[in-house]
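S.K.: Take this sequence and fold it.
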Amino acid sequence: MKIYFSGSIRGGQQDAELYQEIITDLKQYGTVLTEHIGNKIQDSSLNDEEIHNRDVEWLEESDVVVAEVTTTSLGVGYEIGRAVEMKKPIVCLYRTEFGKNVSAMIRGCAQLKCFKYSTLDEAKTILKKHFNAINMNWRDFSYLKNGTPTQLEAYKCLNKLHIFDSLHEYNPTLTGTIPIDIAIDSSDLDIVCYYMDADRFESRVESLFGKQKGFTIEQKEKDGYWVVVARFKFQNFDIEIYGSLFPVISQNSYRHMLIEDRVLKLLGEEFKQQVIQLKKDGLKTEPAFAQLLQLSGNPYVELLKLELYSDNKIKEMWELNPNQA
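M.R.: Residues are numbered from 1 along each chain as shown. Predicted coordinates:
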């Protein structure tokens, strides 16, 4: 995993030691592209344009952004804005010091996860919880072989196809309902990928699976960018391979799965069975969760907002459902 750490350089040099401590902690979760933020003396060999272009390239390359936003900084705000446009997962940390106020444009952005802290240990605890959630190795589908009969069947199917080995360079990850055990008979295997070149990815997928039953593949525009979607049938499963310009962990299907997995673990078997029944009745997964948690509006958008909710808040939402036994 590649991590972009952002902190005020020219206005926050008094925090350089703190930044360095956070960067050191982040290294246990992946490669920090911006280690220099923790240096009191910055490299002056690059001009402003070169610094800008280098940092934007690092942002594009990163899987997740962590920003320390206690000290107001136009540069940090700009980086966060660009990261939002790139649909990167973003964690913002800020200290609860007197006179320190975080902009509403930061705290009010649903794509950002904002956490206040008082000590370095608190910041480390926040980061540990966040990275443990996204570092669950969903890319290693071997967990399926110790699961339910459906999960075991899915494991055998994927293993025989060699999808994950063949598409390794694209970070293939199984998402959807089968990994979190709320699948029904019509559930398919959804595999999301991250590419830099759509044409190359499309050609690769077609060369590997183009002869499979019912194979189709297309490039199409979605929310202003191009995605590649391939579909085919293998054994007893409908399979969809979805490629995007955005890292897997920032794609909505992956984020939805993590949220749903968390909610299922929080709310237990009764909630799970009600989700499954709603799916059998014809609802898609996200609308089923939204109905049970009484989320209004677009269920696919509203469900993402649960990333910011505490465990207690989610439990309260379920407790208020009049259909709960």
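S.K.: so where is the stretch 101-250 of the chain shaky, pLDDT-wise?
M.R.: 133-136 (pLDDT under 70).
S.K.: could you redo the last one with a cut-off of 80?
M.R.: Applying pLDDT under 80 to the stretch 101-250 of the chain flags the ranges 101-102, 107-111, 132-137, 139, 223.
S.K.: who's in contact with Ile163?
M.R.: Shown in contact with Ile163 (Cβ atoms under 8 Å, 6 or more residues apart in numbering): Pro172, Ile191, Leu208, Phe209, Ile239, Ile241. In short, each C-beta sits where N, CA and C put it, glycine included.
S.K.: With adjacent residues omitted, what lies nearest to Tyr117?
M.R.: Once flanking residues are discounted, Tyr117 sits nearest to Ala123: 4.5 Å by Cβ to Cβ, 6 or more residues apart in numbering.
S.K.: could you measure the one you found against Thr24, distance?
M.R.: According to Cβ to Cβ, to the nearest Å, Ala123 stands 12 Å off from Thr24.
S.K.: More neighbours: those two, which one.
M.R.: Ala123 (22 against 13; other Cβ atoms under 10 Å).
S.K.: by contact count, what packs against the helix or strand encompassing that one?
M.R.: Here Ala123 sits within helix 120-134, counting by DSSP states H and E. Contact analysis of helix 120-134 by 3 or more Cβ pairs under 8 Å, 6 or more residues apart in numbering; DSSP states H and E lists helix 16-26, strand 90-95, strand 112-117, helix 252-280 as its packing neighbours.
S.K.: mean pLDDT for those: which is lowest?
M.R.: Here the lowest mean pLDDT among these goes to strand 112-117, at a mean of 86.
S.K.: of the contacts of Ile163, buried ones?
M.R.: Pro172, Ile191, Leu208, Phe209, Ile239, Ile241 (16 or more other Cβ atoms under 10 Å).
S.K.: May I see those residues organised as a markdown table, with secondary structure and distance to His162 added?
M.R.: Listed next are the buried ones among the contacts of Ile163 as a markdown table, based on DSSP: H, G, I helix; E, B strand; the rest coil; distance: Cβ to Cβ, whole Å:
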| residue | secondary structure | distance to His162 |
| --- | --- | --- |
| Pro172 | coil | 11 |
| Ile191 | strand | 12 |
| Leu208 | helix | 8 |
| Phe209 | helix | 10 |
| Ile239 | strand | 13 |
| Ile241 | strand | 13 |
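S.K.: Next one: the residue most central in space within the chain from Met105, what distance?
M.R.: With distances taken as Cα atoms, centre = their mean, Ile249 lies nearest the centre of the chain, 3.1 Å away. Per Cβ to Cβ, Ile249 is found 24 Å from Met105.
S.K.: Mind jotting down where the helices sit in the protein?
M.R.: Listed in chain order, the helices found in the chain under DSSP state H are 16-26, 48-61, 74-85, 104-107, 120-134, 149-161, 163-166, 198-209, 252-280, 285-292, 299-304, 311-319.
S.K.: List the residues that contact Ile3.
M.R.: Leu26, Tyr29, Gly30, Thr31, Val32, Leu33, Ser62, Asp63, Val64, Val65, Val66.
S.K.: What of Asp25?
M.R.: Asp25 touches Ala123, Lys124, Leu127, counting by Cβ under 8 Å, 6+ apart.
S.K.: from those, which is closest to Gly282?
M.R.: Leu127 (40.8 Å; Cβ to Cβ).
S.K.: before we move on, the earlier item: give the contact list for the residue nearest to the centre of the chain.
M.R.: Asp63, Val64, Pro89, Ile134, Arg255.
S.K.: mind giving me the domain ranges of this structure?
M.R.: Structural domains of the chain, as assigned by automatic domain parsing, span the residue ranges 2-134, 141-250, 255-319.
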